[in-house]
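K.L.:
task: produce atomic coordinates for the following.
(4 chains)
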Amino acid sequence: MAKILSPEEAVKLISSDSSIMIGGFGNIGNPKKMIDLIADTELKNLTIIANDLGTPNVGLGRLVRNRQIKQAIGSYFTYNTEAAELYFEGKLNLKMMPQGTFAESIRAGGCGIGGFYTRVGVGSDVTEGAETKEINGRKYVFVEPLKADFAILRARKADRLGNLVYERTARNFNPIMATAAKFTIVEVDEIVEPGTLSPEEIVTPFIYVDVIVPVGRGE
Amino acid sequence: MAKILSPEEAVKLISSDSSIMIGGFGNIGNPKKMIDLIADTELKNLTIIANDLGTPNVGLGRLVRNRQIKQAIGSYFTYNTEAAELYFEGKLNLKMMPQGTFAESIRAGGCGIGGFYTRVGVGSDVTEGAETKEINGRKYVFVEPLKADFAILRARKADRLGNLVYERTARNFNPIMATAAKFTIVEVDEIVEPGTLSPEEIVTPFIYVDVIVPVGRGE
Amino acid sequence: MRQLTDTEIRTRIAKKVAELLPDGGFVNLGVGIPTQAVNYLSPAKKLYIQTENGMLGVGPAPKTEADIVPNLINASRQPITETPGCCYFDSATSFAMIRSGRMDATVIGAIQVSERGDLANWALPGKGVLGPGGAMDLVVGVKDVIVATQHVANNGKHKLVENCTVPITGLEVVNTLVTEFAVFKFINKEMILVEHSSDVTLDDIKAMTSAKYTVANDVKAWEVD
Amino acid sequence: MRQLTDTEIRTRIAKKVAELLPDGGFVNLGVGIPTQAVNYLSPAKKLYIQTENGMLGVGPAPKTEADIVPNLINASRQPITETPGCCYFDSATSFAMIRSGRMDATVIGAIQVSERGDLANWALPGKGVLGPGGAMDLVVGVKDVIVATQHVANNGKHKLVENCTVPITGLEVVNTLVTEFAVFKFINKEMILVEHSSDVTLDDIKAMTSAKYTVANDVKAWEVD
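P.N.:
The predicted structure follows:
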């Protein structure tokens, strides 16, 4: 059963030098409040696992500006031009993955799979150095599972147990990241009673959720 | 967009010597009507990919009795004592997999993954001969993706496009099998208009569904 | 040490398992004794039960015909009910959960357990058990693999052995082993006796156990009738 | 062969792409010309549009501020709308769909295309493009990879080349290549000219294409203004 904490209480659980998965795609489905609170702390040396890094000084862009990030692993950082500058100056370590491979490796990390083979990215820079295997006459690359110390996510509603539902394309990376971290913190619009959400529509079962942080719709 | 056919029309699409995934777990979530119709045909040499083989002469047990099955791939055939007898007499080829590995290999087959590594079954008879790999000091076995010519499934409702929702534990293997076959036929209780099912609760998007077969609730 | 009836054995094991299951834990229960354990839970203890055919939040068996819920069974093919906050998922997602490391305990039976914690529970050669079902997945994925088994087989053969001689379910996977007479823990590949029932001596246990084990310094005796 | 404006080039390509997209097809559209193609679809043609951030059944952009739907964008971060029968899924499920082999077409841009169908479209060295997004997944998973690109770069450099010299998105992945002057198909690693616009000759195309290709026996000319 999940604990219900305020954003201020929840941010105290995070420590420097940890790896953190952050849900969201293009500022939709991001845990905005928690990201802002992390930006207000002295937390540093973070490994951020997220599809993108927001835009300059917005969302995860604040953590870029503050130089709180040791490495970012994701699929498309282009919208953050500040991250690009730091990267080309050798001041920010970025690992870029094909988006589907990134998603699948998070899923693998969350479900005890030791790694998988994909044809995506074969022959490209982003799979350089990866182990390869020929399967049915075609070349595949090996991808390792991705895991993290924390997942910080955003959902539409949680019930008091911690079951989650999302809204439209704000679902994106949140459900898979919930499974792949040692400790999962979820910002939600609203908390409801168990039994209120239909058992058929719950997307993230509460076994994956450690802390719920109510922040209000749109915040 | 899926075609709507009667069970009798749908069964004519199946051919001998083909591989068929069949949804269901312990006679819940099985396409009962379609299985019975296949049992009434001369179809033979079938590779059946299903969690279990029903019970003697019931469900997939009818295909066992009729000797229509060349090989069955699944996880737990014990409830069909006839299948056991044929197996021990060398008259039925059974491939037994750990249930989670079976499910994951079907998912892999449906999502273009070339195979994956799991620790499940290491050292046991069911992974004998499998390629192994040491990952972080632990032994894993390689599992190939599973695909099929046909998937024959059962769902609670379809909309006219072919989007599917399931009911309770009748969901089981149906959604993953829908993705892993070249041609997917789904028996449903009911067909509704597109837009009737909530976009958040659709479990199988209609891209995976070729034919819907309305058979009525409980049939 | 008097002869126990089959019911006494099962009840004793079920009670001890109930005691070991963690409050608020996510557990998966195999057929037989494991399911029975739920009947002996202290009222203060809440479990969240997963069934591998695709549900978290399993409720008790329906009390009457009228309480039967359509399309709702557990992995033992028995009708079950819902609890508030339960949810459904497909089989790949269910085993993703089982292998996730988030499940606290699974309780399963055994044909043999070796002194390194190897488990054999799915097939007796020639006995018609065709397929492991979810057992191999559960013993690899779940934090506390609790084996619940009679100490010695009805034919007198030892079940707690040096090496398993029947097909293996998993190697070095057992964390806790509960019999009608003893509780063992497996820590760093070592088998350790941590509890025994008050009606047997340490020598009695030694006599019915072929597996090599050590006795914990603080080994406890639990009172039985 | 007169000089075309940027708008004329884009419109011509978008119209040709619209013509090539299959009726009833499941398609994923990249930023720019691909999205524009939808505006030129014949009214009889129905497409089901997938966006890799987790939706099948994408509707048109909202017409007014009031039509904006909360938490609903496409992969280009533009607001979109719902269609009846649309549905949502997470990113792993979305790319599972993309790699499933069930998607009929994806339309994407190119920096370079090689004569074997290699595509380079994600990074120009030093240009600040940080990450491939979903492009590498789309070109591997989808049945018909339609590249929509200007035939020659604005600086006069050829884009249809023998070998790509900028970072690769995928090797031997392009199925169809549409420019303002030509349509090529890649079949068995061979690049074949199947159509050209009526305002250019075969020699004109040869002059602006470094890639080696063959001309289909039934090569067609399409009427342009």
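K.L.:
tell me the contacts of residue A:33?
P.N.:
Contact analysis of residue A:33 by Cβ atoms under 8 Å, 6 or more residues apart in numbering or on different chains lists A:7, A:187, A:213, A:215, A:219. For the C-beta atoms, the positions are set from N, CA and C on the backbone; glycine is no exception.
K.L.:
reformat those as TSV; add distance to chain C.
P.N.:
Listed next are the contacts of residue A:33 as TSV, based on distance: Cβ to the nearest Cβ, whole Å:
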residue	distance to chain C
A:7	24
A:187	20
A:213	19
A:215	22
A:219	25
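K.L.:
of these, closest to residue B:204?
P.N.:
residue A:187 (29.4 Å; Cβ to Cβ).
K.L.:
and the closest one, its phi and psi?
P.N.:
When read as degrees, to the nearest 10, the backbone of residue A:187 gives phi -80, psi 130.
K.L.:
pLDDT check: weakest of the contacts of residue A:33?
P.N.:
The lowest pLDDT within the contacts of residue A:33 belongs to residue A:219, with 71.
K.L.:
the strands in the chain, which residues?
P.N.:
Unless you meant another one, I'm taking chain A. A:3-4, A:19-22, A:46-49, A:69-74, A:93-96, A:116-118, A:132-135, A:138-143, A:148-159, A:164-165, A:181-192, A:211-214 (DSSP state E).
K.L.:
was after chain C, sorry
P.N.:
Using DSSP E, strands in chain C cover C:26-29, C:48-51, C:55-59, C:81-88, C:105-108, C:112-114, C:119-120, C:144-148, C:160-161, C:176-178, C:182-187, C:190-197, C:214-222.
K.L.:
residue B:135 is nearest to which of these?
P.N.:
strand C:144-148 (20.7 Å).
K.L.:
from the contact counts, what lies against the helix or strand of chain A with the lowest mean pLDDT?
P.N.:
Taking mean pLDDT, DSSP states H and E as the measure, the helix or strand of chain A with the lowest value is helix A:81-88, at a mean of 93. On a contact count with 3 or more Cβ pairs under 8 Å, 6 or more residues apart in numbering or on different chains; DSSP states H and E, helix A:81-88 meets helix A:60-65.
K.L.:
what's the helix it packs on in contact with?
P.N.:
A:22, A:30, A:35-36, A:38-39, A:46, A:48, A:50, A:52-57, A:69, A:72, A:80, A:82-83, A:86, A:92.
K.L.:
for chain A, which helix is longest?
P.N.:
helix A:99-110 (DSSP state H).
K.L.:
what angle separates that helix from helix B:99-110?
P.N.:
If you take axes from the mean of the first three to the mean of the last three Cα atoms, to 10 degrees, helix A:99-110 sits at 180 degrees to helix B:99-110.
K.L.:
and helix A:99-110, how far out from the chain's middle?
P.N.:
Distance, stretch centre to chain centre, for helix A:99-110: 11 Å (Cα atoms, centre = their mean, to the nearest Å).
K.L.:
avg pLDDT for it?
P.N.:
98.
K.L.:
what pairs with residue 192 across the strands?
P.N.:
In the absence of a named chain, chain A is used. residue A:159 (DSSP bridges).
K.L.:
you looked at the wrong chain, it should be chain C
P.N.:
residue C:185, residue C:214.
K.L.:
what is the burial count for it?
P.N.:
16 (other Cβ atoms under 10 Å in any protein chain shown).
K.L.:
how much space between the nearest residue in space to residue A:56 that is not next to it in sequence and chain D?
P.N.:
Among residues not flanking residue A:56 along the chain, residue A:82 sits closest, at 4.4 Å (Cβ to Cβ, 6 or more residues apart in numbering or on different chains). Going from residue A:82 to chain D by Cβ to the nearest Cβ, to the nearest Å gives 11 Å.
K.L.:
what count of nearby residues applies to residue A:82?
P.N.:
17.
K.L.:
same question, residue C:189
P.N.:
For residue C:189, using other Cβ under 10 Å, the count is 9.
K.L.:
quick check on the contacts of helix A:60-65: which are buried?
P.N.:
Buried by 16 or more other Cβ atoms under 10 Å in any protein chain shown: A:22, A:30, A:35, A:38-39, A:46, A:48, A:50, A:52-56, A:69, A:72, A:80, A:82-83, A:86, A:92, out of the contacts of helix A:60-65.
K.L.:
one step back: state the distance from the residue nearest to residue A:56 to chain C.
P.N.:
36 Å.
K.L.:
which ones are touching that residue?
P.N.:
Neighbours of residue A:82 in contact, by Cβ under 8 Å, 6+ apart: A:56, A:57, A:61, A:64, A:65.
K.L.:
can you give me the helices for chain C?
P.N.:
So, for chain C - with DSSP H - the helices run C:6-20, C:33-37, C:91-99, C:135-141, C:202-207.
K.L.:
just the buried ones from the contacts of residue A:33?
P.N.:
A:7, A:187, A:213, A:215.
K.L.:
these: which two are farthest apart?
P.N.:
Longest span within these, Cβ to Cβ: A:7 and A:187, 7.3 Å.
K.L.:
residue C:123: neighbouring residues, count only.
P.N.:
22.
K.L.:
shouldn't it be in contact with residue C:166?
P.N.:
Yes. The pair residue C:123 / residue C:166 is scored as a contact, 6.8 Å apart, by Cβ atoms under 8 Å.
K.L.:
got the contact list for the residue of chain A found nearest chain D?
P.N.:
Here chain A gets closest to chain D at one residue, residue A:100, 2.9 Å apart by Cβ to the nearest Cβ. For residue A:100, the contacting residues are A:118, A:120, D:52, D:91-92, D:94-96, D:98-99, D:134, D:136-137, D:141, by Cβ under 8 Å, 6+ apart.
K.L.:
need the residues you listed in JSON lines with neighbour count, distance to residue A:178 and pLDDT, can you?
P.N.:
Output for the contacts of residue A:100, formatted as JSON lines (neighbours: other Cβ atoms under 10 Å in any protein chain shown; distance: Cβ to Cβ, whole Å; pLDDT from 0 to 100):
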{"residue": "A:118", "neighbour count": "28", "distance to residue A:178": "23", "pLDDT": "98"}
{"residue": "A:120", "neighbour count": "31", "distance to residue A:178": "24", "pLDDT": "98"}
{"residue": "D:52", "neighbour count": "26", "distance to residue A:178": "20", "pLDDT": "97"}
{"residue": "D:91", "neighbour count": "31", "distance to residue A:178": "12", "pLDDT": "98"}
{"residue": "D:92", "neighbour count": "25", "distance to residue A:178": "12", "pLDDT": "98"}
{"residue": "D:94", "neighbour count": "29", "distance to residue A:178": "16", "pLDDT": "98"}
{"residue": "D:95", "neighbour count": "29", "distance to residue A:178": "17", "pLDDT": "98"}
{"residue": "D:96", "neighbour count": "24", "distance to residue A:178": "17", "pLDDT": "98"}
{"residue": "D:98", "neighbour count": "27", "distance to residue A:178": "22", "pLDDT": "98"}
{"residue": "D:99", "neighbour count": "24", "distance to residue A:178": "22", "pLDDT": "98"}
{"residue": "D:134", "neighbour count": "29", "distance to residue A:178": "21", "pLDDT": "96"}
{"residue": "D:136", "neighbour count": "32", "distance to residue A:178": "25", "pLDDT": "97"}
{"residue": "D:137", "neighbour count": "32", "distance to residue A:178": "22", "pLDDT": "98"}
{"residue": "D:141", "neighbour count": "27", "distance to residue A:178": "25", "pLDDT": "95"}
